[in-house]
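Peer 1: Next come a sequence and a model predicted from it.
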There are 2 protein chains.
Amino acid sequence: MAIKIYDLAAADENRRFSPYCWRTKLALAHKGLEFETIPWRMTEKDQIAFAESERVPVIVDGSKHVKDSWAIAVYLEKTYPDRPSLFGGDAGIALSRFINFWADTVMLMAIIPIAGFDIYKSIHEKDQGYFRTTREARLGTKLETLTASPERIEAFRKAIDPVRKTLETQPYLGGEKPHYADYIVFGGFQFARCISPAKLLEPSDPVYAWRGRILEAFDGLAAKAVGYPV
Amino acid sequence: MAIKIYDLAAADENRRFSPYCWRTKLALAHKGLEFETIPWRMTEKDQIAFAESERVPVIVDGSKHVKDSWAIAVYLEKTYPDRPSLFGGDAGIALSRFINFWADTVMLMAIIPIAGFDIYKSIHEKDQGYFRTTREARLGTKLETLTASPERIEAFRKAIDPVRKTLETQPYLGGEKPHYADYIVFGGFQFARCISPAKLLEPSDPVYAWRGRILEAFDGLAAKAVGYPV
C-alpha cells in the first residue's frame, strides 16, 4: 500500500511548494517507496490532528504515522534498511542533522525575503489571513516587502557558499551519490522554484548543475512539478 | 615513530593558535597516534617547502608527508582504518566536508573581526609585517579595527546557530561520540581561546558544555594549551 503524505498545496492544488515536503518526497523516491500525496492547506489543521501535528509533512505508512520531515527521514531509514540508504550510517544521520539546521536557519531564511510575498499571492485565499498574521509577527515586516532584489539574490548566493564549495569538490553533498543531505538543501531550491520566478542561481554556478541533476532524478519528480523555470 | 606536525606558534612558542592545526592535533589524538609538534612561524616558508606548502598543518608520517588539515584527516582515516573512526564511513567524509567549508567561511570569518588584532599582537615580530600586509589586503581594513565588541560577539553567536541547534538534540556533531566534524568546529573555539580574552559563549549555551567536553578530552590536550580562560 502506498505511503500517504500530506503535502502543502497553493491555491492551485497542483502547486506543491513546501521545502520540508519536498525533502520527504525525495526521500521516499530515494527509498523506492510508492507514495501518494494529499493536498493540504495551512489552515486545515483538523486534517492532520490525528498525527498531533499542525504542520506538514505528515506521512501515513499502513497503521503508523510520522510527522516532521527530519523524523520521517530517520523513520524511513530505520524502517526500510534494505533499500538505498539516505544517510550512510549513524554518523551520516548525526552529520546531516547539522545540514538540516543550517538549511532551516540560514538557507530558507535567505529565501523568505525574496519569495515571501510570492508565497502569499500563490496560496489559497483561505490561508492568506493566517499566513499574513503569523509571518508578519515572526518576521516583523509587511509581506509586501518580501520581494526579490539584486541585493537579496546576492545575499542568498553568499549564504550558500558552503554548499557551493562542497559541490566544487564532490558531485553531491552526500559524496558520489545523492543522500538525504542533498534533498534537505534541494528542498529549499524547489520551494523557491515552485512559488517564485526569481532566478536564484547563475548557470555558471556549480550549484546550478547539481540542482539540475536532482530536478531530473527519479524520472523528473521535481522537474515535472508545477513551478517556474529555474 | 611519532608523527611530526608543523604547528603555528605565536611569539611565545608555546602559544599554538591555528584552528587548522588544532583540527589535526585532535584528529591525531582521536586516532591514538603519537605525535610531536614543531613550532612554526608564518614566514618560515622554507621549512615546509619540502611538502610544497606555504601553510600549516603539514604532517610527516615516516617517509610520507601530507599538507592541508582536510587532506590530513582523510589520510589518517584511510591509513589507520583500525583505529577509532574520524568520519564513520564515506558518507561521513562527504558530509563533514560541508561542515569544514561552513567552519572556514562562516565561523572563522566571524571570529576574525573579534580576534584579528589580538593575533597581530601575539605573533612573533618577524611575522607581523607579513600578517598585516596579507590580512589587511584580504579583509580591506586595518588590523586595529578587528577587536571584540558586543555586536560582534552577538553576530558570532548567531552565526553558530546551526551548531547550537544540533547540540541541543545530540551530544556531539558526530552523534553520541565526537567525530572529526566536532574537531573542525572546536578548532575555531580553540583558536579564539589561545589568542584572545574575548568570551565567545555564555555558560548557559549548550555549545559551552560541548566545548568543555572537548577541552578535557585526551587528557586535557586542548585545555592544557597556553591560552585564555574560556
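Peer 2: Perfect, thanks for sending it.

Peer 1: confidence score at the residue of chain A most remote from its centre?
Peer 2: Distance from the C-alpha centroid of chain A, by Cα atoms, centre = their mean, peaks at A:S63 (25.5 Å). A:S63 carries a pLDDT value of 97.

Peer 1: What backbone torsions are found at it?
Peer 2: Taking degrees, to the nearest 10, you get phi -90, psi 0 for the backbone angles of A:S63.

Peer 1: Could you list the low-confidence segments of chain A?
Peer 2: Within chain A, no stretch has pLDDT under 70.

Peer 1: Get me the contact residues on it for chain B.
Peer 2: Within chain A, the positions near chain B by Cβ under 8 Å from any Cβ of the partner chain are A:85, A:87-99, A:101-102, A:104-106, A:161-163, A:165-166, A:169-170, A:172-176, A:179, A:181. The C-beta positions use only the backbone N, C-alpha and C, and glycine is treated the same way.

Peer 1: got the CA positions of stretch A:84-103 in CSV?
Peer 2: Provided in CSV are the C-alpha atoms of stretch A:84-103 (Å, rounded to 0.1, in the frame of the first residue of the first chain):
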residue,chain,number,x,y,z
PRO,A,84,19.1,2.6,-0.7
SER,A,85,20.5,4.5,2.4
LEU,A,86,19.6,8.1,2.9
PHE,A,87,22.4,8.7,5.4
GLY,A,88,25.1,6.1,5.0
GLY,A,89,25.2,5.1,8.7
ASP,A,90,24.7,6.6,12.1
ALA,A,91,27.4,9.2,11.6
GLY,A,92,25.7,10.3,8.4
ILE,A,93,22.5,10.8,10.4
ALA,A,94,24.2,12.9,13.0
LEU,A,95,26.1,15.0,10.5
SER,A,96,23.1,15.5,8.3
ARG,A,97,21.3,17.0,11.3
PHE,A,98,23.7,19.9,11.2
ILE,A,99,23.0,20.4,7.5
ASN,A,100,19.2,20.2,8.3
PHE,A,101,19.5,23.0,10.9
TRP,A,102,21.8,25.0,8.6
ALA,A,103,19.2,24.8,5.8
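
Peer 1: Next, the buried residues of it.
Peer 2: For stretch A:84-103, burial by neighbour count (16 or more other Cβ atoms under 10 Å in any protein chain shown) applies to A:85-103.

Peer 1: just to revisit the earlier point, from the residues of chain A next to chain B, which ones fall inside strands?
Peer 2: Assigned to strands by DSSP state E, none of these qualify.

Peer 1: Inside helices: which ones of those?
Peer 2: A:90-99, A:101-102, A:161-163, A:165-166, A:181 (DSSP state H).

Peer 1: and the one residue sitting closest to the centre of chain A, what does it touch?
Peer 2: Residue closest to the average C-alpha location in chain A (Cα atoms, centre = their mean): A:P19, at 1.9 Å. By Cβ atoms under 8 Å, 6 or more residues apart in numbering or on different chains, the contact set of A:P19 is A:103, A:108, A:187-188, A:190-191.

Peer 1: that's a helix at A:T37, yeah?
Peer 2: No. The assignment for A:T37 by DSSP: H, G, I helix; E, B strand; the rest coil gives strand, which leaves it out of any helix.

Peer 1: Next up, the contacts around it.
Peer 2: A:4-7, A:16, A:21, A:25.

Peer 1: Are we agreed that A:V74 is in a helix?
Peer 2: Yes. Assessed by three-state DSSP, A:V74 belongs to a helix.

Peer 1: what's around A:D46, how many residues?
Peer 2: A count of nearby residues for A:D46, using other Cβ atoms under 10 Å in any protein chain shown, gives 7.

Peer 1: nope, A:I72 is what I was after
Peer 2: A count of nearby residues for A:I72, using other Cβ under 10 Å, gives 24.

Peer 1: Surely it touches A:P57?
Peer 2: Yes. Look at A:I72 against A:P57 with Cβ atoms under 8 Å: they come within range, at 6.1 Å.

Peer 1: what sits in contact with each of these two?
Peer 2: With contacts taken as Cβ under 8 Å, 6+ apart, the residues that reach both A:I72 and A:P57 are A:T24.

Peer 1: and A:E144, how many neighbours?
Peer 2: Neighbourhood size, A:E144 [other Cβ under 10 Å]: 11.

Peer 1: Now for it: which residues touch it?
Peer 2: A:F117.

Peer 1: and if you look at A:K199?
Peer 2: Neighbour list for A:K199: A:153, A:230 [criterion: Cβ under 8 Å, 6+ apart].

Peer 1: next one: A:E77
Peer 2: Taking Cβ under 8 Å, 6+ apart as the test, what A:E77 contacts is A:85-87, A:93, A:180.

Peer 1: let's see 7 Å
Peer 2: A:E77 sits next to A:85-87 when contact means Cβ atoms under 7 Å, 6 or more residues apart in numbering or on different chains.

Peer 1: That one: which element?
Peer 2: Per DSSP states H and E, A:E77 falls inside helix A:69-79.

Peer 1: And that helix, what's buried?
Peer 2: Buried, per 16+ other Cβ under 10 Å, within helix A:69-79: A:69-70, A:72-77.

Peer 1: Now compare those residues and name the two farthest from each other.
Peer 2: The most widely separated members of the buried residues of helix A:69-79, counting by Cβ to Cβ, are A:S69 and A:E77 (12.8 Å).

Peer 1: Can you show me the strands along chain A?
Peer 2: Along chain A, counting by DSSP E, strands occupy A:3-8, A:35-40, A:58-61, A:64-67.

Peer 1: Can you check what angle separates the first one from helix A:69-79?
Peer 2: When axes from the mean of the first three to the mean of the last three Cα atoms, to 10 degrees is applied, the directions of strand A:3-8 and helix A:69-79 differ by 170 degrees.

Peer 1: No further queries at this time; thank you.
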